Every structure is written in C-alpha cells, then in structure tokens.
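Structure here, sequence nowhere to be found:
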C-alpha cells in the first residue's frame with residue numbers, strides 16, 4: 001500500500017505561482033511512476049504531469065512550459081511547481097502512483113485526496 005498526501009494548494013492571482021507537494025508512505029516509492037492529475041468543476045479528471053521512475057518527465061500540453069515536476073526518492077516526495085497560472089488552471093490537483101507506464105486515470109494504483117488550487121483573474 002502507498003498513501004499519498006498532497007499539500008500546497010491555495011488561492012493565487014493569475015500570473016502567480018504555487019508549488020504543490022505530494023508525500024508518499026512506503027519503502028517502494030522509487031518503483032512507482034509518480035503523476036499529477038487535476039479535476040476542474042464539472043469536468044473529468046485529466047493528466048497534468050508525470051515523473052517516470054526512470055528519470056524522465058512528461059507534461060500535458062496545457063502544463064508544458066509552465067509546470068515543472070520533480071521527485072526526491074530519498075524523501076518520498078514529488079512536487080509540482082506551477083508558474084504563470086491561469087484561471088483555467090483552477091482545479092483539485094491529485095497525486096497518483098502507478099507501477100505501469102500510463103497516464104490513464106483508470107490505470108493509477110494509488111491516489112491522494114487532492115489539494116484545491118484556485119486562480120483568480
């Protein structure tokens with residue numbers, strides 16, 4: 001079992017920055033791909049970014065160039081630095097862990113409870 005706890009959400013003005021953090025329990029953190037998803041009101045949960053266990057990263061088109069994912073296997077954490085935030089980035093952001101290479105919501109093995117990010121215009 002892996003337990004994930006997100007933190008760092010809040011209210012920010014458009015153009016501002018936030019850093020989300022996800023802390024994971026367990027001794028096998030490095031064996032998981034770690035990902036961030038988000039779910040805006042009335043919309044489906046969508047992929048934002050992934051830190052693959054091999055060291056590479058991936059981003060959605062909307063996150064590319066503005067968000068940066070980083071992981072620390074020694075601390076069992078994965079962070080998402082979000083810059084140049086837009087009102088359309090408003091959503092609950094979820095941390096997820098998965099053993100297989102996937103960005104599909106249904107494929108994730110473990111989820112955090114989420115942290116709310118609100119970007120005002």
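Received, thanks. Predicted model only: the values in this text are computed from it and were never measured. Numbering: from 1, shown residues only.

neighbours around residue 109, how many?
By other CB atoms under 10 Å, the residues close to residue 109 number 14. Glycine gets a C-beta too; all of them are placed from N, C-alpha and C.

Identify the spatial nearest neighbour of residue 52, chain neighbours not counted.
Spatial nearest neighbour of residue 52, chain neighbours left out: residue 33 (5.2 Å); criterion: CB to CB, 6 or more residues apart in numbering.

Tell me which residues touch the one you found, please.
Counting by CB atoms under 8 Å, 6 or more residues apart in numbering, residue 33 makes contact with 50, 51, 52, 53, 97, 98, 99, 100, 101, 102.

Looking at these, which two lie furthest apart in space?
51 and 100 (14.7 Å; CB to CB).

Those two - which one has more neighbours?
residue 51 (22 against 10).

Could you report the distance from that one to residue 116?
Distance of residue 51 to residue 116, computed by CB to CB, to the nearest Å: 22 Å.

quick one: average confidence on the helix or strand in which residue 70 is found?
Using DSSP states H and E, residue 70 falls within strand 67-72. Averaging the model's pLDDT scores along strand 67-72 yields 97.

buried set for it?
67, 69, 71 (16 or more other CB atoms under 10 Å).

Export the residues you listed as TSV, with columns for distance to residue 3.
Compiled in TSV, the buried residues of strand 67-72 are given as follows (distance: CB to CB, whole Å):
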residue	distance to residue 3
67	24
69	20
71	16
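
What pairs with the host helix or strand of residue 35, parallel or antiparallel?
Using DSSP H and E, residue 35 maps to strand 33-39. If you go by DSSP bridges, strand 33-39 pairs up with strand 46-51 (antiparallel), strand 91-98 (antiparallel).
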